[in-house]
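Colleague: A predicted structure for the sequence below; I have some questions about it.
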Amino acid sequence: MSDTDDEQERGVAAYASPPCFMHELQPGFSTNAPSAPQARADVMRWRKAERERLIAARLAIPADERAAMARRIADGLDKVIGNVSNQLISLYWPFRGEPDLRPWMETVFERGGSIALPVVIEKGQPLIFRAWRQGDKLEKGVWNIPVPAEGQPVQPTVVIAPLVGFDPGKYRLGYGGGFFDRTLAAMPARPLVIGVGYRMAAIPTIYPQPHDIPMSAIVTD
Ligand SMILES: Nc1nc2c(c(=O)[nH]1)N(C=O)[C@@H](CNc1ccc(C(=O)N[C@@H](CCC(=O)O)C(=O)O)cc1)CN2
Ligand SMILES: Nc1ncnc2c1ncn2[C@@H]1O[C@H](COP(=O)(O)OP(=O)(O)OP(=O)(O)O)[C@@H](O)[C@H]1O
């Protein structure tokens, strides 16, 4: 499903102006977002609460349903990327209920594509990407997320970023480390950046800040 379909289904996101007075124009209108927080500190506080809400909501989805959703996301990725052969695709090792795209990763290898995984070198710094294929050694990185134990940094042609939340402007809410924004800002050439997540992660706005870089495309179930 495209993100445009998503917006139409969600309704709320279709309004271009802040929803402050919508409850007066449309009885029953409500949104979880506070009325347009302006200050950066307010936005960061709001994001923290929103992350917790969205992560709890996706963990509440039964694992078999999440697996079915991940299969639909995989189909959507193939539509957006097209031919994966000769592409170097940065994926992620799933945690905290993120869509598990490792079965899709297998199909990328079978079709002649390559995979990289993101590695946190230091908080507050860009991620690096290391190539990975089955059999290569993984070690525990931050948050115990497995990362390739060795290898020179590589530059992916496609970056797949897991979404905690996303908005109609294709802005991504992540875990609050600012890693993908910093990484994309520092890359010599902007890759195709695909945000992947569940439809339930759609929110009216993430209150984009100057450092936020929008995704090239969003793929949901
Ligand atoms: N599966 C997966 N791997 C991934 C990511 C991801 O989103 N998903 N990342 C995508 O970026 C990177 C890891 N992202 C991280 C983001 C934040 C923190 C972290 O320590 N956060 C602080 C709170 C930050 C704050 O609010 O100031 C913490 O939990 O204490 C760690 C890793 C690389 N690997
Ligand atoms: N290019 C950048 N340069 C400096 N600081 C940045 C940059 N990008 C993001 N940050 C900082 O990182 C912090 C977290 O940003 P944000 O809330 O956008 O994280 P996120 O996108 O949810 O996290 P992640 O990508 O790690 O999952 C903010 O304090 C922000 O100022």
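Modeller: It's in. Computed from a predicted model, the values in this text were never measured in an experiment. Ligands and ions are numbered 1, 2, ... in the order given.

Colleague: Tell me which residues touch residue 67, please.
Modeller: Listed by C-beta atoms under 8 Å, 6 or more residues apart in numbering, the contact partners of residue 67 are residue 100. The way it works is simple: take the backbone N, C-alpha and C, and place the C-beta from them, glycine included.

Colleague: Is any residue of whatever helix or strand it lives in near ligand 1?
Modeller: Assessed by DSSP states H and E, residue 67 sits inside helix 63-81. No - Helix 63-81 is not in contact with ligand 1 by C-beta under 6 Å from any ligand atom; minimum separation 13.0 Å.

Colleague: Give me the distance from that helix to the chain's centre.
Modeller: 13 Å (C-alpha atoms, centre = their mean, to the nearest Å).

Colleague: Give me the next element, helix or strand, following it.
Modeller: strand 88-90.

Colleague: What parts of the chain come near ligand 2?
Modeller: So the chain meets ligand 2 at 47, 172-182, 185, 211-212 (C-beta under 6 Å from any ligand atom).

Colleague: who's in contact with residue 153?
Modeller: Residues in contact with residue 153 (C-beta under 8 Å, 6+ apart) are 128-130.

Colleague: three-state assignment of it?
Modeller: Under DSSP: H, G, I helix; E, B strand; the rest coil, the three-state class of residue 153 is coil.

Colleague: quick revisit: so which of the contacts of residue 153 is the most crowded?
Modeller: Scoring the contacts of residue 153 on neighbours with other C-beta atoms under 10 Å, the highest-scoring entry is residue 129 at 24 neighbours.

Colleague: Dihedrals phi and psi, that residue?
Modeller: phi -120, psi 140 (degrees, to the nearest 10).

Colleague: Below-threshold pLDDT in this protein: ranges please.
Modeller: 1-38 (pLDDT under 70).

Colleague: switch to 50 and redo it
Modeller: Applying pLDDT under 50 to the chain flags the ranges 1-15, 27-28, 34-37.

Colleague: For the chain, just list every one of the helices.
Modeller: Listed in chain order, the helices of the chain (DSSP state H) span 3-10, 22-25, 40-59, 63-81, 102-110, 179-186.

Colleague: now those helices in TSV, with distance to residue 121?
Modeller: Listed next are these as TSV, based on distance: least, C-beta to C-beta, whole Å:
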stretch	distance to residue 121
helix 3-10	31
helix 22-25	44
helix 40-59	23
helix 63-81	27
helix 102-110	23
helix 179-186	10
